[in-house]
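Asker: Quick check, what structure comes out for this input:
(chains A, B, C and D)
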Protein chains: 4
Amino acid sequence: MTTPTVPTTEASAAGDPLGFTALESEVRSYSRSWPVVFDRATGATVHAEDGTEYLDFFAGAGTLNYGHNNPLLKQVLLDYLTDDRMVHTLDMFTSARREFLETFSEVILRPRGLDHKVVFPGPGGANAVEAALKLARKVTGRESVINFTNAFHGMTLGALSVTGNSMKRGGAGIPLVHATPMPYDDYFDGDVPDFVYLERLLDDSGSGLNAPAAVIVETVQGEGGINAARAEWLRGLADLCKRHDILLILDDIQMGCGRTGAFFSFEEAGIVPDIICLSKSISGYGLPMALTLVRPELDIWEPGEHNGTFRGFAPAFATASEAIRTYWSDDTLERSTIDKGALVEAHFNSLVARYGDDVLVAKGRGLARGLQTPDGETATRICDEAFSRGLLMETSGPNGEVVKLLPPLTITYDELQRGLKIISESVAAVLD
Amino acid sequence: MTTPTVPTTEASAAGDPLGFTALESEVRSYSRSWPVVFDRATGATVHAEDGTEYLDFFAGAGTLNYGHNNPLLKQVLLDYLTDDRMVHTLDMFTSARREFLETFSEVILRPRGLDHKVVFPGPGGANAVEAALKLARKVTGRESVINFTNAFHGMTLGALSVTGNSMKRGGAGIPLVHATPMPYDDYFDGDVPDFVYLERLLDDSGSGLNAPAAVIVETVQGEGGINAARAEWLRGLADLCKRHDILLILDDIQMGCGRTGAFFSFEEAGIVPDIICLSKSISGYGLPMALTLVRPELDIWEPGEHNGTFRGFAPAFATASEAIRTYWSDDTLERSTIDKGALVEAHFNSLVARYGDDVLVAKGRGLARGLQTPDGETATRICDEAFSRGLLMETSGPNGEVVKLLPPLTITYDELQRGLKIISESVAAVLD
Amino acid sequence: MTTPTVPTTEASAAGDPLGFTALESEVRSYSRSWPVVFDRATGATVHAEDGTEYLDFFAGAGTLNYGHNNPLLKQVLLDYLTDDRMVHTLDMFTSARREFLETFSEVILRPRGLDHKVVFPGPGGANAVEAALKLARKVTGRESVINFTNAFHGMTLGALSVTGNSMKRGGAGIPLVHATPMPYDDYFDGDVPDFVYLERLLDDSGSGLNAPAAVIVETVQGEGGINAARAEWLRGLADLCKRHDILLILDDIQMGCGRTGAFFSFEEAGIVPDIICLSKSISGYGLPMALTLVRPELDIWEPGEHNGTFRGFAPAFATASEAIRTYWSDDTLERSTIDKGALVEAHFNSLVARYGDDVLVAKGRGLARGLQTPDGETATRICDEAFSRGLLMETSGPNGEVVKLLPPLTITYDELQRGLKIISESVAAVLD
Amino acid sequence: MTTPTVPTTEASAAGDPLGFTALESEVRSYSRSWPVVFDRATGATVHAEDGTEYLDFFAGAGTLNYGHNNPLLKQVLLDYLTDDRMVHTLDMFTSARREFLETFSEVILRPRGLDHKVVFPGPGGANAVEAALKLARKVTGRESVINFTNAFHGMTLGALSVTGNSMKRGGAGIPLVHATPMPYDDYFDGDVPDFVYLERLLDDSGSGLNAPAAVIVETVQGEGGINAARAEWLRGLADLCKRHDILLILDDIQMGCGRTGAFFSFEEAGIVPDIICLSKSISGYGLPMALTLVRPELDIWEPGEHNGTFRGFAPAFATASEAIRTYWSDDTLERSTIDKGALVEAHFNSLVARYGDDVLVAKGRGLARGLQTPDGETATRICDEAFSRGLLMETSGPNGEVVKLLPPLTITYDELQRGLKIISESVAAVLD
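Answerer: I've put the predicted structure just below:
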């Protein structure tokens, strides 16, 4: 691995050492943190044009759970394309769609006792969320939705209205309504009983809370700062929804597909959401794909009532089917993820022990891990140090104060240890 | 070509001759019209699993302007994937992104005198529209948007609010606000001067119309029934926007990328929109990709204020670059599209002459063509007849009364003639 | 009558010659046009503290149809108060309420074939409109309302959302939604057929117009510039509502109680609105009172679903009963109003003849009359000249370009002639 | 006093023993509880037509703090009317308005160190609230408002959106947005620290709470069940608003004008709201009148940006001026109210002692008092028993479970004791 040398402060300040910015909008963000031009990638390794190598603890923000250009899936994809099988299929019946539906049903849904029907809502996670919100409102005849503090569900108007980040919300240009934020697990550091506010408002006909169609929740808030809800909190939420006849939408876009161990991140809690959103790693190869899974009794759409051009991107169905067969026919990946997660946790705990739990906090579940630092500047400096040492990581949390780790689940132990060592060095460079 | 035999009425009525519906949501629609399982496709030809061949006058609803699995683009895509170049890149700098930006700028924007900056808003057209609406509202500080009767802009909440179809709007489950529909060109069959209502409302401080941030318009309304606005109407609209300090958003998702002849469908009118939405055929290969082009002075986003997981699907950048180089370095495709469009028009005119202009109306521009029939049932029956003869077409219009033709632009003249012959036979089977 | 001398330009410019403005908000408006302190009033005459007399062609913006301190009603009011009858009664049964309900039913509703039930929605016109909108939405299950250009319905949030004036709308501080403005009668000077746009949007399921719960309309738009709709236009609107199952709300707050001749201003058109709003002159004495009349089949409120502290101001019921008995038991007032209106019209026509119909336009119906001038400045100067000559009139219209006459219906012919003479002098002072 | 005999259960069930319901809407409510026809009233005594007398512990829901037809105010009113002074004056300068402004300023505002400017927002409390919300949004440029559980602010759309009661909210017929309910004081019985949720959401840029323009609050929630906030809670709220640059709107419509002792109910807490809403007892005689008081720096209205027909009902100014002079020039009334309140409290405490604090809870402050019973049925039965014994009281609270006492502040000790005795008997009749 070549030590990266390109991103000098000057170039970074210039913002466009590489000639992109004359053409691309100022809205770009990752290229500001990592001002190099990337080109190739395999597994957990990314190569810049200049030959520099980076270890990837970012994995497409959780889209590349099986690594970059996973060779098994690559072969399936190349074969699919080589054979001139259909690429763009909307919601036509295709052999690729059938293969996916059957595989997903047999390997994922049925063994978990789920009988949800599959909606192909469009190519991205926001589509899955939009479809979920639309259906929940249609089914219940109610408009309001309960979301949680520091939630992230997407950038389209419906998804944005249930997202917490104020800068992103401000981008809407219209008041975002029909959503009421409730405290996520541990929002008050354990000082307030779970759901005390939500339940009281729901029970009180004079509370002024519009009766909600649904609650939308993540099991671990990735963008929100790797906040992992406890299983009992999730169960409490599911119970509350049932008692109050509110639909439970579980946004498993970033935390599903094995990120926390099991295929669905909610399995550990033993709950069954009414609607489940999947995207990111579902295709297994970084191909745009999303699913909205709905309990059969909720499937009251009119034909075509929700549609979209890229809801049938068939090569993604092919790689998704193969990824499911390969990684989810047994519990090898699940166990390895939990084991690797424990390894990261132990490493983080040692950092916390060294620097004090008033300085660092270890967060997360499975291979969704966060190291909370005192503020956004510290976390950014740690990530910058890591980048200069060849490691890609991003920050998250309301103030960007959490160093966020989402390595490929298929990362080798050796790579994982190497990355953790860089993190230690980077933390030391900033905090020592 | 095998004559298709599968879709008997019984199977169609059963709705699921092929075993999908136990797994997939009722929201699926195309599979109801074409109850066969498709598998492979090249150019304008689609193959069902059972060996039946179909001629494709649908082209992924305008996503496959260069045909299915176009061999030039296919090779680029296979090379890209074989070389393990990065697939999923968010908005990181990549060599594929740079190649696309430079190619798009040099071949498309600059020669047309456009200095718009490129936003990668997410994988689909709705993302392009959502980003456009957000930016227009942010720039102007106004919330309201003017849309047009029978517009179609997408299914996410922001895009849906400017879409006309009442069934699809109803799917939102909340009142869709902040948009006021105005009559599209020829909405009153020429009886009312253009823009008389809109302009009067804008001029009158007591009109009750909220001052709009933007107007969003299609040059040819595809879903709306292949309604082609006249160039002078588009110019009038652009002038009106300028006079009233309203941003003009041109949704060229379905009609751009050469569907009407020129790369942008608005070139013929000689207007320069403030914001342009592209998607569908921009990748050239049916890969999810979308662009929002914005005048440089409107590019006031904060970094990351709009983002999304699949806004950097790099294989699409590779095929898009190649498609642009191949098809837009000269005017060969443009001229051929116009020529083929004229051929379709002439054929439709002969049908109109035969059945009467009270029965059929020929509509459209370039290779976006429509044959308006008396009602939705007639149009559906014609498409069903065509399907049984091996031709894929869909209906559009508020009541589905328009037979809609969007063949690949690269279709051969022979194929085109074959398809038109099937249409004539299908029309005859229904109307004679 | 003393010629008024007080309002010198300096005092007026100072804005507060009289010491109010240190205490009262800047939102005050009439006191800016008429910077004198008023004290007593009878009939059509108002007395300032300094002894100056004014002739009142304003009549509380249509609240004093029977003149200031009408002696018949005054006696009833004094008796009511002297006898310690209840003043504040919410919606308790009271003898005053029964007397009003019976009188209103016997003298007003039954003879006109109306079987509407009476809602006491609160003390003012905005309450009547708010109740109407709420009930229309509840009955139909739809949210959207059609209003008209230059409509005025009130300043509370619901009423404001269907009001046209952009300055007043801007005061809401939130986007006003759920209303779509349609062109009022003659909005296009006869160039566009009535309702062509509204009807087309309603008929077209792809128009993007949210299905409306109701249309809300004034027969003559007072604030909007004394725009009088033709009877056939009102009939056309009523027919359209019936055909499309839309409720017709007629806001007769300013034009009802005889302002245009008949008790209800819509009687001339022969239509029967589903919901009727009354206020202003209903009490007959300037006492706050309002009614919302609803067809019996629409009366689906829950008890207390709409309420309000001052919905049972009983002295107003007493004067209202007496006013109805006195003025509406025969057609004397109606005929006199029409006659006086014709007199004003003739006078205005002579002014139009003198100054040209490119300068002045005579508008209105009954004793709701307007003289349209080239611009707001001209109209304001005319009203200022009139004020300096002892006549109170205000301007209206989107740009304040219309001199607005709403004299008491009980004004004497002599007073009316005197006022018209002042108007002529004032017009001459400005235009000659 | 005649013992009332009329309201037999049968008559009550019939709903209209007296012939009103054929004419009046089903929305009427008080007449369902008290099915007699009232006619005259003085002080705390109300007389039905049939001669029955009632003691009034309801006082027009807090509108008659100085009793029915208070003789001092009555004389002022009769003189005003007899002298033909102006009744209806919009926002013209009048001597009555000046007298009110000066009196209110000298007797009420200045001695309390308040320099608020006076808006006359319209005739009722809802107008005062609508004006407050509009101005707060205009000043801050924000749309969202924080309200509290079980708040009541009025029935017009803006006021209703910040009101808690779900039945009344449902009457809107549109989703009520732009308001987020927060827990009122003691909502969690002291288990959760004050403002922990609101403050955390405000501090957290990722909370998803739209930045609020204002908080709107009552010091004692009357309709909400006589919930009296502690002074320290109100101070905490005022501090929080200051820290977060949020305007504090204090709705003192029911609790102001001395109901809790001091003229403003917030004086005890020592806070200074940015905007204060007054109505109900401000005229002193049950005449429709309302005020919105705004800090001078917030007075940024355009002239006429908020207006309304009945914002200058001058007889109310006359009685208001006299009431202020009579009752607020010294602290006699204030002390008597507190003393009478203590008497009611002691009586309620004895009832609580007798029946147990699991059955009854004494609530309130000053002469706004409540007796919470186990459920709405119990409270209704107690009020029914009281009515049959000649006492008028209503229920409040989300489930109507609180017997609510708002006697005139000028009630005699003898009347008060008589009423309390009836309450004891009524409670006994239901609970023993």
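
Asker: Residues touching stretch A:343-353, excluding its own?
Answerer: A:359-362, A:364, A:367, A:369, A:371, A:405, A:413, A:416-417, A:420, A:423-424, A:427 (C-beta atoms under 8 Å, 6 or more residues apart in numbering or on different chains). To be clear about C-beta, it is placed using only N, CA and C from the backbone, and glycine gets the same treatment.

Asker: for that stretch, the distance to its chain's centre please.
Answerer: Distance, stretch centre to chain centre, for stretch A:343-353: 23 Å (C-alpha atoms, centre = their mean, to the nearest Å).

Asker: Would you mind listing the buried residues in it?
Answerer: A:L343, A:V344, A:E345, A:H347, A:F348, A:L351, A:V352 (16 or more other C-beta atoms under 10 Å in any protein chain shown).

Asker: got the residues you listed as a markdown table, with secondary structure and pLDDT columns?
Answerer: Shown next, in a markdown table, are these (DSSP: H, G, I helix; E, B strand; the rest coil; pLDDT from 0 to 100):
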| residue | secondary structure | pLDDT |
| --- | --- | --- |
| A:L343 | helix | 98 |
| A:V344 | helix | 98 |
| A:E345 | helix | 98 |
| A:H347 | helix | 98 |
| A:F348 | helix | 98 |
| A:L351 | helix | 98 |
| A:V352 | helix | 98 |
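
Asker: Closest to chain B out of those?
Answerer: Among the buried residues of stretch A:343-353, A:V344 lies closest to chain B (C-beta to the nearest C-beta), at 22.3 Å.

Asker: That closest one and B:R200: what is the separation?
Answerer: Separation of A:V344 from B:R200 (C-beta to C-beta, to the nearest Å) stands at 65 Å.

Asker: What of A:W328?
Answerer: Taking C-beta to C-beta, one finds A:W328 at 62 Å from B:R200.

Asker: Neighbour count for these two, which is higher?
Answerer: In terms of neighbours (other C-beta atoms under 10 Å in any protein chain shown), A:W328 is the more surrounded of A:W328 and B:R200; the figures are 20 against 16.

Asker: and A:G370, that's in a strand?
Answerer: Yes - under DSSP: H, G, I helix; E, B strand; the rest coil, A:G370 falls within a strand.

Asker: Which strands and helices lie in contact with the host helix or strand of A:E130?
Answerer: Per DSSP states H and E: A:E130 is located in helix A:125-140. Counting contacts by 3 or more C-beta pairs under 8 Å, 6 or more residues apart in numbering or on different chains; DSSP states H and E, helix A:125-140 packs against strand A:144-148, helix A:157-161, strand A:212-217, strand A:247-251, strand A:275-278, strand A:291-294, helix B:157-161.

Asker: can you state the direction angle for that helix and strand A:144-148?
Answerer: Helix A:125-140 runs at 140 degrees relative to strand A:144-148, counting by axes from the mean of the first three to the mean of the last three C-alpha atoms, to 10 degrees.

Asker: So for helix A:125-140, mean pLDDT?
Answerer: Summarised as a single mean, pLDDT over helix A:125-140 is 98.

Asker: could I get that helix in PDB with only the CA atoms?
Answerer: In PDB, the C-alpha atoms belonging to helix A:125-140 read as follows (Å, rounded to 0.1, in the frame of the first residue of the first chain):
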ATOM      1  CA  GLY A 125     -34.000   3.800   0.200                       C
ATOM      2  CA  ALA A 126     -36.000   7.000   0.000                       C
ATOM      3  CA  ASN A 127     -38.400   5.300  -2.400                       C
ATOM      4  CA  ALA A 128     -38.800   2.500   0.100                       C
ATOM      5  CA  VAL A 129     -39.600   5.000   2.800                       C
ATOM      6  CA  GLU A 130     -42.000   7.000   0.700                       C
ATOM      7  CA  ALA A 131     -43.900   3.900  -0.300                       C
ATOM      8  CA  ALA A 132     -44.100   2.900   3.400                       C
ATOM      9  CA  LEU A 133     -45.400   6.200   4.500                       C
ATOM     10  CA  LYS A 134     -47.900   6.300   1.600                       C
ATOM     11  CA  LEU A 135     -49.300   2.900   2.400                       C
ATOM     12  CA  ALA A 136     -49.500   3.500   6.100                       C
ATOM     13  CA  ARG A 137     -51.500   6.600   5.500                       C
ATOM     14  CA  LYS A 138     -53.700   4.900   3.000                       C
ATOM     15  CA  VAL A 139     -54.400   2.000   5.200                       C
ATOM     16  CA  THR A 140     -55.200   3.900   8.400                       C
END
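
Asker: ok now it, how far from the chain's centre?
Answerer: A distance of 18 Å separates the C-alpha centroid of helix A:125-140 from that of its chain, computed with C-alpha atoms, centre = their mean.

Asker: count of residues packed around the closest residue in space to A:P398 that isn't next to it in sequence?
Answerer: Nearest non-adjacent residue to A:P398, counting by C-beta to C-beta, 6 or more residues apart in numbering or on different chains: D:G206, 3.1 Å away. Using other C-beta under 10 Å, D:G206 has 26 neighbouring residues.

Asker: cool, and A:Q75?
Answerer: Using other C-beta under 10 Å, A:Q75 has 12 neighbouring residues.

Asker: which residues does it contact?
Answerer: With C-beta under 8 Å, 6+ apart, A:Q75 has no contacts at all.

Asker: Good, we can wrap up now.
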